[in-house]
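Colleague: Have a look at this prediction, sequence included:
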Amino acid sequence: MKIPSECAVCLVFAFLFQSIVSAEDLSRHHPAKDHHLVNWIQSQKSRVTGFPLSFGMADNQREDVLQRMGNSDSVTGIIERIIVEEGTSVYDTAVWQIALAALGGEENIRAASVPIETYWRGSLRHLHNIRAGRGGGQTFIYDRDQPDAISSDLTDLGRRGFVFRIINAHGKYLAADPLDGKHRFSGFPNWPDIHWEDWKPIAGENAWVVIAAMQIYHHKYFDYETGQYRHAAEPVELALAKEIARAAIHLQANNGAVRMAPIGTYFFSLDEISGGTAREVAAELDEKAMASKESYERLVREWGEERTILQSEHTTWYYDEISTENNLSWFTAFKLLYEVTEDPEYRLAMLRIERYLKSVWNADEHYFYQGAHFTDGFWQPNSEHFATDVQTWAICKLGPERLDEWFGEGAAFRIWQTTKEFAGVFDDGRRLQGVGYTREKNRLSVEWTVGAIYAMDELAKYYEDSHPEWSRSALQEAKLMRRGIETYRQQVSETRSAYSYSSRRGWIPFGWFSHDKEVLSLVSSCWVLLHDKGFNPFRLMRNK
C-alpha cells in the first residue's frame, strides 16, 4: 500500500481546487434537482401500506432490466425480481425515514412514523407476523442458554424479536413473477404458488430500525431550549428501540460481537460461490438451494424439526457468523440509546462491541476484516473478502479520534488510503469517482460512495489542525466523489429524479447482486439527500 506524500497531495489539491464544486455548491446551484430528488423519495412508496419501495425502474427499461435478473425458470431470478419490484429492505426504509425526518414537516414525519407503528404492531396486511422469535410456529433462538428469552408472540410487548430484513412493501404474501406474470412454478421453495420468500431477521438491518426510531423520537420530543425530552408515557419509538436492542444484547457472543442472526435463520449456500457472470452465479445458487433443501429435509426426517433447527449448519450458520458492518451499526444504535436513556446496559454493549472490533483489525494492511465465523471452538476472522463499507462506516461511526487512539496516530487516514487503493473507482484521468463493494475497480456503488464522502467529512474535520494536508486531501476527494456520482442521477419525469443503485450488475461476495444503473435506488437517493442537507444519521442533533 502506498500513502501519497504530503507534496503530491498538495500539488493535486492545488490543481483541482478551482475546478471542483462541493456538494453544498451542487445543491445550492441546482435547487430544482434537489426538489426533484425530494419528490421521488416522497412518492416512492406503496399506496396501500405507506411503506417505501427499495427500487424503481423507468417503464421503458423495465422489461430489459428484469430479463437480466435470471431466466424465467430460475428460482433465484424469480425471488430477486419480486424483491426489486415489490420489496423494501428495513435498512432502506430506515434511511428513508431519517431522510423524511431531516426534511421536516408534519406530512413527512407522519410518513416516517408508519414503519415504526407497523413494526410495533408486528404485522402488515397478509404478512401476519414480521417479528422473529420463539413460539407460535416460529423457532428463532437468540441465546442458547435462554431459548425462550425472545418471543414471537405479538402480544408479548417488550420481549419480541427482530423484524425480518426484507418485507413486501404492499404487505402481500402471494406474488407473481414480474418477468412473465406466472403465479406458479414447480421448483419454487416450499410450494409451487409463488410467494414472498425471504424471512431472515438480520442484526444489521435491525440496528437501523433502532437508529431510525431514535432519530424520529429525537425529532418529535427533544426540547432544544431545555435540552430535555418532553413526553408523558413512553413513546412507541423509544419502546420499539429498547425492545429490538434487548434482542441484540441476547445475541452478543463471548467475543463481544452481536451475532448476525438467531438460530433458525436459514442459509443454504454453505460453500463459497465460484463466481462468473450474473447468470452463472444465479444458476449456481439455484443448484445450491435445491441441494440444501434436500439435505435439510433429510435431516428433519431423521432428527425431527426442533433438533434440526438447533443443530443443522443450515440453521446455525448465521448464528455462528459475525458481520463487522452489523456491529458498527449496533455500536451506533446502542450509543443513541445510551445518550437518551443513560442506561448503563447500552454502554456495556458498546464496550463489548469495541472489544470485538479490536480483534478483527488487520494491522499489516490497516483495515477491519469483514467479519468472523465460529470454527473449531474459536472466532476466526473472515479474511477472504475486503468490505468497503466496513472501513468507511468505521471512520463515520467510531470516529477518527477513537481509531487513532486504538491503532496509532493516522490510523483513520490509513484506513481510507487502503480503501481507496483496494476499492477506489477512477476515471480515465485517474480522478476518483467513488468506491466499489470490495477489491474492485470497475463497479461503483452510489450508496457506499456516499458513505465514503461522509468519512471524508470526518477526516477533514479531525485532521484539520494536526495534519492539514490530510484534511485538504479528504475535502478534495469528497468533492470528487460527490461529482462522480452525478453520472448515476436519472431524471425519472419532469418533476422527479433519483440515483442508481450501482454502475453495473454483478455478484457481490457478501451475498447479493448489484444492479445495472437503470435500477433506481431508494437508499442511494436518500443518502445523497441527507449528505447534501448536512444531516448526520449517526448523531442526534443537539442544536438547531
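Modeller: In hand now; what should we look at?
Colleague: Now do the contacts for Ile79.
Modeller: Glu197, Asp198 (Cβ atoms under 8 Å, 6 or more residues apart in numbering). Placement of C-beta: from N, CA and C, glycine included.
Colleague: Assumed it was part of a helix.
Modeller: Yes. The assignment for Ile79 by DSSP: H, G, I helix; E, B strand; the rest coil puts it in a helix.
Colleague: what's the spacing between it and Ile216?
Modeller: 31 Å (Cβ to Cβ, to the nearest Å).
Colleague: again with Leu53
Modeller: 20 Å.
Colleague: List of residues touching stretch 449-469?
Modeller: 6, 9-10, 23, 388-389, 391-393, 395-396, 399-401, 409-410, 412-413, 416, 419, 433-435, 470-472, 474-475, 477-478, 481-482, 484-485, 524, 527-528, 531, 536.
Colleague: In contact with the most centrally placed residue in the chain, which residues are there?
Modeller: In the chain, the residue lying closest to the centroid (Cα atoms, centre = their mean) is Tyr91, at 5.1 Å. By Cβ under 8 Å, 6+ apart, the contact set of Tyr91 is Arg165, Gly204, Glu205, Trp208, Val523.
Colleague: so of the residues you listed, which ones are in helices?
Modeller: Members of the contacts of Tyr91 lying in helices (criterion: DSSP state H): Gly204, Glu205, Trp208, Val523.
Colleague: low pLDDT regions in this protein?
Modeller: Low-confidence segments of the chain (pLDDT under 70): 1-33, 270-271, 543-544.
Colleague: again, 90 this time
Modeller: Low-confidence segments of the chain (pLDDT under 90): 1-33, 59, 70, 136-137, 187, 190, 267-297, 511-512, 541-544.
Colleague: longest helix of it?
Modeller: As assigned by DSSP H, the longest helix anywhere in the chain is helix 278-303.
Colleague: Tell me the secondary structure of Val425, please.
Modeller: Val425 ends up strand, using three-state DSSP.
Colleague: Just give the number of residues close to it.
Modeller: Neighbours of Val425 under the rule other Cβ atoms under 10 Å: 20.
Colleague: for it, what are its contacts?
Modeller: Leu432, Gln433, Gly434, Val435, Gly436, Lys441, Asn442, Arg443, Leu444, Gly484, Ser503.
Colleague: of all those, which comes closest to Ala58?
Modeller: Lowest distance from Ala58 to the contacts of Val425 (Cβ to Cβ) belongs to Ser503, with 16.9 Å.
Colleague: Can you name the residues that contact the closest one?
Modeller: Going by Cβ under 8 Å, 6+ apart, Ser503 touches Val425, Arg443, Leu444, Ser445, Tyr488, Lys517.
Colleague: List the backbone torsions phi and psi for the residue nearest to the second one when sequence neighbours are not counted.
Modeller: Think Arg443. Distances taken as Cβ to Cβ, 6 or more residues apart in numbering put Gly436 closest to Arg443, at 4.7 Å, once the chain neighbours are dropped. The phi and psi values for Gly436, taken as degrees, to the nearest 10, are phi -100, psi -170.
Colleague: tally of neighbours for the nearest residue to Gly135 once chain neighbours are set aside?
Modeller: What sits nearest to Gly135 in space, not counting adjacent residues and going by Cβ to Cβ, 6+ apart, is Ser152, at 5.1 Å. Number of residues near Ser152 (other Cβ under 10 Å) recorded here: 20.
Colleague: before we move on, the earlier item: more neighbours, Leu53 and Ile216?
Modeller: Ile216 (25 against 22).
Colleague: correct me, but the more buried one touches Pro115?
Modeller: No. Ile216 lies out of contact with Pro115 (Cβ atoms under 8 Å); the separation is 9.6 Å.
Colleague: Contacts only, for the nearest residue to Arg184 once chain neighbours are set aside.
Modeller: Distances taken as Cβ to Cβ, 6+ apart put Pro192 closest to Arg184, at 4.8 Å, once the chain neighbours are dropped. Applying Cβ under 8 Å, 6+ apart, one finds that Pro192 lies in contact with Arg184, Phe185, Ser186.
Colleague: For the second one, give me its contacts.
Modeller: Put plainly, it is Phe185. Per Cβ under 8 Å, 6+ apart, neighbours of Phe185: Asp73, Val75, Ile78, Asp177, Pro192, Ile194.
Colleague: any idea how far Lys335 is from Phe188?
Modeller: Distance from Phe188 to Lys335, by Cβ to Cβ: 42 Å.
Colleague: between these two, which one's more packed in?
Modeller: Between Phe188 and Lys335, counted using other Cβ under 10 Å, Lys335 has the larger neighbour count: 22 against 17.
Colleague: Now do the SS call for that one.
Modeller: Applying three-state DSSP: Lys335 is helix.
Colleague: from what I can see it touches Ala349, true?
Modeller: No. If you go by Cβ under 8 Å, Lys335 and Ala349 don't touch, sitting 9.5 Å apart.
Colleague: how many other residues sit next to Arg504?
Modeller: With other Cβ under 10 Å as criterion, Arg504 counts 13.
Colleague: So it, which state does it fall into?
Modeller: Applying three-state DSSP: Arg504 is coil.
Colleague: Reduced to three states, what does the closest residue to it other than its chain neighbours come out as?
Modeller: The spatially closest residue to Arg504, leaving aside those adjacent along the chain, is Arg443, at 5.5 Å (Cβ to Cβ, 6+ apart). Following three-state DSSP, we place Arg443 in the coil state.
Colleague: State the number of residues packed around Arg443.
Modeller: Quick note: Arg443 (other Cβ under 10 Å) scores 19 neighbours.
Colleague: need the strands for the stretch 401-544 of the chain, in chain order.
Modeller: 424-426, 432-435, 489-491, 497-499, 506-508, 512-514, 520-521 (DSSP state E, counting those that start in this stretch).
Colleague: hang on, the earlier thing: can I get the contacts of Pro192 in a markdown table with distance to Gly264 and secondary structure?
Modeller: Converted to a markdown table, these look like this (distance: Cβ to Cβ, whole Å; DSSP: H, G, I helix; E, B strand; the rest coil):
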| residue | distance to Gly264 | secondary structure |
| --- | --- | --- |
| Arg184 | 28 | strand |
| Phe185 | 26 | coil |
| Ser186 | 27 | coil |
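Colleague: now, among these, which is nearest to Gln146?
Modeller: The closest of the contacts of Pro192, once distances to Gln146 are taken by Cβ to Cβ, is Phe185, at 40.0 Å.
Colleague: returning to that earlier point: looking at the contacts of Pro192, spot the one nearest Ile353.
Modeller: Phe185 (42.0 Å).
Colleague: Show me the strands in the stretch 251-400 of the chain, by range?
Modeller: Using DSSP E, counting those that start in this stretch, the strands of the stretch 251-400 of the chain run over residues 321-323, 361-362, 367-368, 371-375, 378-382.
Colleague: Now tabulate the ones you listed in TSV and tack on mean neighbour count.
Modeller: Below are the strands of the stretch 251-400 of the chain laid out as TSV (neighbours: other Cβ atoms under 10 Å):
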stretch	mean neighbour count
strand 321-323	25
strand 361-362	16
strand 367-368	26
strand 371-375	18
strand 378-382	15
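Colleague: could I get these as JSON lines with distance to Arg259?
Modeller: Formatted as JSON lines, the strands of the stretch 251-400 of the chain follow (distance: least, Cβ to Cβ, whole Å):
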{"stretch": "strand 321-323", "distance to Arg259": "6"}
{"stretch": "strand 361-362", "distance to Arg259": "20"}
{"stretch": "strand 367-368", "distance to Arg259": "17"}
{"stretch": "strand 371-375", "distance to Arg259": "9"}
{"stretch": "strand 378-382", "distance to Arg259": "10"}
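Colleague: So which of these is nearest Thr341?
Modeller: strand 321-323 (25.5 Å).
Colleague: Just give the strands next to the closest one in its sheet, each with its orientation.
Modeller: Strand pairing for strand 321-323, using DSSP bridges, gives strand 371-375 (antiparallel).
Colleague: number of nearby residues for Thr88?
Modeller: Residues lying near Thr88 (other Cβ under 10 Å) number 25.
Colleague: Give me the three-state assignment for it.
Modeller: strand.
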